[in-house]
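J.: Here is a sequence together with a model predicted from it:
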Amino acid sequence: MTVTGGRLSDSEFRELVDRARERHSISDIIGRHTSLKRRGAREMVGLCPFHSERSPSFEVNDTKGTYHCWGCGAAGDSIKFLTDYEGMTFRQAVETLSGNEFPVISDEERVRRKAEDARVMAERIAYARSIWARTVPATHDTPAGIYAAIRGIIHPLPPTVRFVMAPRWINPETGEAGRDHPAMACALQDVTGAVVGVQCVFLQDGGRRKYERVRDDGTKAKAKLSFGQIVGSALRLGPVRPHLINCEGPEDGLTLAQRMPEQSVWVTCGTAMLSRVEYPAEVRSVCFAGDNNAAGRLAVSQAREAVLAKGLIPSEVFPPEDFKDWNDEWRGIRA
Ligand code: ZN
């Protein structure tokens, strides 16, 4: 099948592109260039083919048909990979995907995978809710309250930010989990306001520091871990309003909410999720408050495009030049 033959309407063309994209597992396409290791039912991770690295920060998701690098920000779908990495034109990429160069997924298999993915996500959400159910208010004497105070957050924390004892790792295959550690727990709500996930910021020294550990291979263990559905969801520090401020990282969000009490600030789970939030219909405009680095600026430009495509009005704001993020600026800590 070629794309070039007949005359196609816009919608026929779009359908053709969607069909081409859905015919293959994106991991089969990317797996020819970097070796990918399975990390969940449909998630894989490997060394980024777009930049040089020693520990894998490149994620590939067959459910969503997307890739994302936490190191250099490279992200997209199978067509984008073929154009960016293999140097194809858009048309060549669509033609390649329409052909039989890659293993093709049968319709049956696609339906089976969808059902399986829905089941896995439902389980993850249930687990996240079980964590949220055991949170307690983050009063000033809990590690979460102490951590917030050290970060310069003097206002009482909103009800969506609480204290919890939660495991720092769980094995998605076996359900096995590590032992509990103190954390600041942030509720992640979906477009309807239902809690579908929890982001935990793990703490040590009674909350005086974020949990920090250097692994044997010299890499840093992450202080944050998210449970449940992080795509599309957000931590709401304020109510649904026609205008929202959106940033990534609860510390920045709490800082902004405190400085601008008249505004409603929402927070996503990591830079990449900034462009994936699903906003309720009441929301008309979103101001993205980014981090002052390449990844932060890239995330904001992607998020602006994403909300424009939904018919919302985007704007952006960054901390003054010598500050890394909003919380550092608030505390006067220069980069
Ligand atoms: Zn990369």
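T.: Arrived safely, thanks for sending.

J.: Would you mind listing what in the chain touches the ion?
T.: Cys48, Phe50, His51, Cys69, Gly71, Cys72, Ala74 (Cβ under 5 Å from the ion). Every residue, glycine included, has its C-beta placed from N, CA and C.

J.: Buried only: go through these for me.
T.: Cys48, Phe50, Cys69, Gly71, Cys72, Ala74 (16 or more other Cβ atoms under 10 Å).

J.: Closest one to His155 out of those, please.
T.: Gly71 (34.7 Å; Cβ to Cβ).

J.: what's near enough to touch the residue lying closest to that closest one once chain neighbours are set aside?
T.: Distances taken as Cβ to Cβ, 6 or more residues apart in numbering place Ser57 nearest to Gly71, at 4.3 Å, with adjacent residues excluded. Contacts for Ser57 were tallied using Cβ atoms under 8 Å, 6 or more residues apart in numbering; they are Val45, Cys48, Cys69, Trp70, Gly71.

J.: Greatest separation within those: which pair is it?
T.: The distance between the two most remote of the contacts of Ser57 (Cβ to Cβ) is 11.8 Å, for Val45 and Gly71.

J.: can you list residues touching both of the two?
T.: With Cβ under 8 Å, 6+ apart as the test, Val45 and Gly71 both reach Ser57, Phe58.

J.: What segments of the stretch 151-300 of the chain are helices?
T.: 250-259, 294-309 (DSSP state H, counting those that start in this stretch).

J.: Tell me which of those sits nearest to Glu321.
T.: Taking the helices of the stretch 151-300 of the chain one by one with Cβ to Cβ, helix 294-309 is closest: 12.5 Å.

J.: possible to save the helices of the stretch 151-300 of the chain as TSV with mean pLDDT and mean neighbour count?
T.: Shown next, in TSV, are the helices of the stretch 151-300 of the chain (pLDDT from 0 to 100; neighbours: other Cβ atoms under 10 Å):
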stretch	mean pLDDT	mean neighbour count
helix 250-259	95	23
helix 294-309	91	18
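
J.: Which residues outside stretch 235-242 are in contact with it?
T.: By Cβ under 8 Å, 6+ apart, stretch 235-242 touches 158, 160-161, 186-189, 193, 199, 244, 250, 253-254, 257, 263-269, 280, 282-285.

J.: If any of those are buried, put those into a ChimeraX selection.
T.: Remark: buried members of the contacts of stretch 235-242, expressed as a ChimeraX selection using 16+ other Cβ under 10 Å:
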select :158,160,161,186,187,188,189,199,244,250,253,254,257,263,264,265,266,267,268,269,283
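
J.: Which ones among the contacts of stretch 235-242 map onto strands?
T.: 161, 186-189, 199, 244, 264-268, 285 (DSSP state E).

J.: tell me which of those residues is nearest to the ion?
T.: The nearest member of the ones in strands among the contacts of stretch 235-242 to the ion, counting by Cβ to the ion, is Thr268 at 20.0 Å.

J.: helices and strands around the helix ranked longest in the chain, which ones?
T.: In the chain, taking DSSP state H as the definition, the longest helix is helix 107-133. Packed against helix 107-133 by the contact rule (3 or more Cβ pairs under 8 Å, 6 or more residues apart in numbering; DSSP states H and E) you find strand 161-167, strand 180-189, strand 195-204, strand 224-228.
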